[in-house]
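Engineer: sharing a model that was predicted from the sequence below.
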Amino acid sequence: MAIIDTRRDQMFPILKPEEIDRIRRFGDIAHARAGAVLAKAGEVSPGVMVVLEGAARVTRRDALDETHLIVEHGPGAFIGELAQLSGRPSLVDVHAVTDLEVLRIKPERLRAVLIAEAELGERIMRALILRRVGLLETGAGGPVIIGRAADGEVIRLSGFLGRNGHPYKHLDPDAVDCAKVLIERFSVDEAELPIVLCPGGQLLRHPSNAELARCIGMVGDLDPRRVYDVAVVGAGPAGLATAVYAASEGLSVLVLDTRAFGGQAGASARIENYLGFPTGVSGMALMARAYNQAQKFGANLAIPDEVASLECAADAGQSALDGYHLKLVSGETTQARTVVIASGARYRRLDVANLDQFEGSSVHYWASPLEAKLCAGQEVALVGAGNSAGQAAVYLASQVKKVWLLIRGKSLDASMSRYLIDRIKSLPNIEIVARNEIVELEGEDGQLRAIRHRDLDTGEQVRCEISHLFLFIGAAPNTAWLNECRVELDNHGFVRTGQDLAPGHPSLQTSRHGVFAIGDVRAGSVKRVAAAVGEGAQVVAAIHAYLAEPVTTA
């Protein structure tokens with residue numbers, strides 16, 4: 001059943017008159033005539049609106065622009081979802097059914113409500129989140145991707161939106177008639193697929209993630225004159241923890257990430273050793289909560305916005321007011337008094353000549369429901385022996401016919417948690433192939449047909465007909481963007497901090513005064529979600545100490 005059927009009361013709570021009175025100071029009264037448009041999909045709405053008198057109707061539009069009712073709000077109900085928390089474009093249409101009086105609360109004041117009114121704020125926040133989940137179930141308000149399911153570009157775009165918690169619809173012209181209708185309507189040639197229809201009516205052909213994000217209002221322009229207290233580069237568990245703790249303590253925070261919130265942790269199908277979740281939690285669910293929490297406290301999350309370089313106008317010993325400039329790939333610049341490097345790592349690629357021909361369509365670095373749907377009922381190969389590989393193998397085993405787990409070592413004992421090893425050994429459709437490596441990929445037109453792997457001890461090669469290959473072979477530190485600033489790295493490219501630089505050097509601070517490093521990108525870090533979150537909290541204390549230092553000149 002849909003979430004709107006199972007949790008309707010929590011999705012659409014009715015506020016009591018005394019509760020509305022408590023939050024009146026956060027908003028202003030507005031009136032609308034019957035039939036007036038209160039919000040339109042693809043356009044920024046004025047914020048959350050509490051209905052005082054009258055009724056309003058919330059609807060969604062499908063790919064053919066037909067309207068479907070979601071809910072009708074009366075007195076005591078409030079209009080809005082997570083988009084109104086962050087001031088982003090509305091995902092739904094809202095019309096006044098009758099003459100209407102509402103209490104209008106702007107995004108920055110809504111965040112004040114959530115903090116000042118703890119119990120009421122919890123109910124409102126839960127409703128906003130559940131409404132977004134409901135929109136994700138139907139794809140309401142999001143862009144429409146038209147292209148074939150196996151197309152690597154369709155997979156990329158779908159994955160990008162899904163991992164950012166944004167609704168979307170995918171229409172395959174081989175399976176859905178209305179996709180053909182839309183292709184004809186917009187006079188699109190087959191070679192131009194996939195195309196994307198944005199809620200505002202724009203048509204994109206083969207868009208990049210950044211182009212799509214700007215079209216649907218996920219990111220906006222950054223003010224180059226604003227100086228943030230903290231700029232966090234990377235929105236994995238370490239970066240999001242920094243954002244939550246820093247913003248909740250009154251610091252102005254900007255978070256930048258090139259892809260999506262959650263990092264590698266967000267790709268984990270189930271995390272079972274994170275404190276407080278005895279039954280486990282999906283990486284996406286855990287990171288989505290952290291992402292929403294950071295927004296609640298007022299952090300500005302610019303995703304996807306990739307940092308090209310860190311420019312060190314401020315050198316060691318200079319005033320904290322001098323700050324740092326970050327140059328983005330888009331050409332924009334932003335400023336911050338301190339910078340937290342939480343950029344994690346980039347996935348290592350298999351050393352096979354034609355790997356790039358199959359990446360996106362047949363070779364995957366994530367194991368999410370999107371990829372599982374592509375290979376449901378098939379045999380797949382997975383390379384890797386760490387916890388991420390183990391979690392992916394266990395998840396895929398529940399979706400596919402068989403998982404061939406290829407590892408270079410003799411066993412999993414040295415690199416994987418015991419609970420995952422035991423889980424893998426208990427599953428009959430996972431077969432471990434030890435002391436082997438992939439040496440060749442076969443296929444055409446971007447579709448993998450077979451792999452060839454070699455025994456490291458005997459040299460014997462085996463060919464297996466496989467259409468989907470998952471790679472979890474570790475990652476290299478994502479630090480190339482630090483070259484201009486010359487932040488000191490170790491021999492493996494990880495950022496050196498604290499005692500690793502010199503006795504008594506401030507904890508988590510890099511060789512640059514006011515630049516800190518946390519999480520997987522930091523030399524000597526413990527590669528666990530809990531450790532990353534802990535460092536995210538710890539670095540905020542270090543930032544406060546740095547900002548409190550007496551102002552000096554070079």
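Structural biologist: On my side now, so go ahead.
Engineer: C-alpha from now on. contacts and neighbour counts both.
Structural biologist: Will do.
Engineer: now do the strands in the stretch 101-250 of the chain.
Structural biologist: For the stretch 101-250 of the chain, the strands defined by DSSP state E, counting those that start in this stretch cover 144-146, 169-171, 195-197, 203-205, 227-233.
Engineer: neighbouring contacts of the longest one?
Structural biologist: In other words, strand 227-233. By CA atoms under 8 Å, 6 or more residues apart in numbering, the residues outside strand 227-233 that reach it are 239, 242-243, 246, 251-257, 307, 334-343.
Engineer: got the strands of the stretch 101-250 of the chain as JSON lines, with distance to residue 111 columns?
Structural biologist: As requested, the strands of the stretch 101-250 of the chain are arranged in JSON lines below (distance: least, CA to CA, whole Å):
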{"stretch": "strand 144-146", "distance to residue 111": "31"}
{"stretch": "strand 169-171", "distance to residue 111": "30"}
{"stretch": "strand 195-197", "distance to residue 111": "31"}
{"stretch": "strand 203-205", "distance to residue 111": "34"}
{"stretch": "strand 227-233", "distance to residue 111": "19"}
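Engineer: can you add distance to residue 290 and mean pLDDT and give the ones you listed back as a markdown table?
Structural biologist: Putting the strands of the stretch 101-250 of the chain into a markdown table (distance: least, CA to CA, whole Å; pLDDT from 0 to 100) gives the following:
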| stretch | distance to residue 290 | mean pLDDT |
| --- | --- | --- |
| strand 144-146 | 27 | 96 |
| strand 169-171 | 25 | 95 |
| strand 195-197 | 29 | 96 |
| strand 203-205 | 31 | 95 |
| strand 227-233 | 14 | 98 |
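Engineer: go through these and name the closest to residue 106.
Structural biologist: Among the strands of the stretch 101-250 of the chain, strand 227-233 comes nearest to residue 106, with 21.7 Å by CA to CA.
Engineer: quick one: strands adjacent to that closest one?
Structural biologist: Taking DSSP bridges as the criterion, strand 227-233 pairs within the sheet with strand 253-256 (parallel), strand 333-341 (parallel).
Engineer: the ones you listed into a markdown table, with extra columns for distance to residue 137 and mean pLDDT?
Structural biologist: Shown next, in a markdown table, are the strands paired with strand 227-233 (distance: least, CA to CA, whole Å; pLDDT from 0 to 100):
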| stretch | distance to residue 137 | mean pLDDT |
| --- | --- | --- |
| strand 253-256 | 27 | 98 |
| strand 333-341 | 34 | 97 |
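Engineer: now those strands as TSV including distance to residue 539?
Structural biologist: Output for those, formatted as TSV (distance: least, CA to CA, whole Å):
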stretch	distance to residue 539
strand 253-256	13
strand 333-341	8
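Engineer: state the distance from residue 396 to residue 386.
Structural biologist: 15 Å (CA to CA, to the nearest Å).
Engineer: more neighbours: which of those two?
Structural biologist: residue 396 (28 against 19; other CA atoms under 10 Å).
Engineer: need the helices for the stretch 451-554 of the chain, in chain order.
Structural biologist: 529-547 (DSSP state H, counting those that start in this stretch).
Engineer: pLDDT weak spots in it?
Structural biologist: 551-554 (pLDDT under 70).
Engineer: compute the first-to-last residue distance for stretch 75-91.
Structural biologist: With CA to CA, one end of stretch 75-91 sits 22 Å from the other.
Engineer: how far off centre is that stretch?
Structural biologist: Centroid separation for stretch 75-91 versus its chain: 20 Å, with CA atoms, centre = their mean, to the nearest Å.
Engineer: again with stretch 174-183
Structural biologist: 29 Å.
Engineer: list the buried residues in it.
Structural biologist: For stretch 174-183, a neighbour-count test (16 or more other CA atoms under 10 Å) marks 179-180, 182-183 as buried.
Engineer: and what of stretch 442-452?
Structural biologist: Quick answer for stretch 442-452 (16+ other CA under 10 Å): 442-443, 446-448, 450-452.
Engineer: and the buried residues of stretch 174-183, which of them are in helices?
Structural biologist: With helices taken from DSSP state H, the overlap with the buried residues of stretch 174-183 comprises 179-180, 182-183.
Engineer: want to throw the buried residues of stretch 442-452 into JSON lines with secondary structure?
Structural biologist: Converted to JSON lines, the buried residues of stretch 442-452 look like this (DSSP: H, G, I helix; E, B strand; the rest coil):
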{"residue": "442", "secondary structure": "strand"}
{"residue": "443", "secondary structure": "strand"}
{"residue": "446", "secondary structure": "coil"}
{"residue": "447", "secondary structure": "strand"}
{"residue": "448", "secondary structure": "strand"}
{"residue": "450", "secondary structure": "strand"}
{"residue": "451", "secondary structure": "strand"}
{"residue": "452", "secondary structure": "strand"}
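Engineer: which pair in those has the greatest spatial separation?
Structural biologist: Between any two of these (CA to CA), the greatest distance is 17.0 Å, for 446 and 452.
Engineer: just to revisit the earlier point, return the member of the ones in helices among the buried residues of stretch 174-183 nearest to residue 65.
Structural biologist: residue 182 (10.9 Å).
Engineer: secondary structure class for the spatially closest residue to that closest one that is not a sequence neighbour?
Structural biologist: Sequence neighbours aside, residue 64 is the residue nearest to residue 182 in space, at 7.8 Å (criterion: CA to CA, 6 or more residues apart in numbering). In three-state terms, and counting by three-state DSSP, residue 64 is coil.
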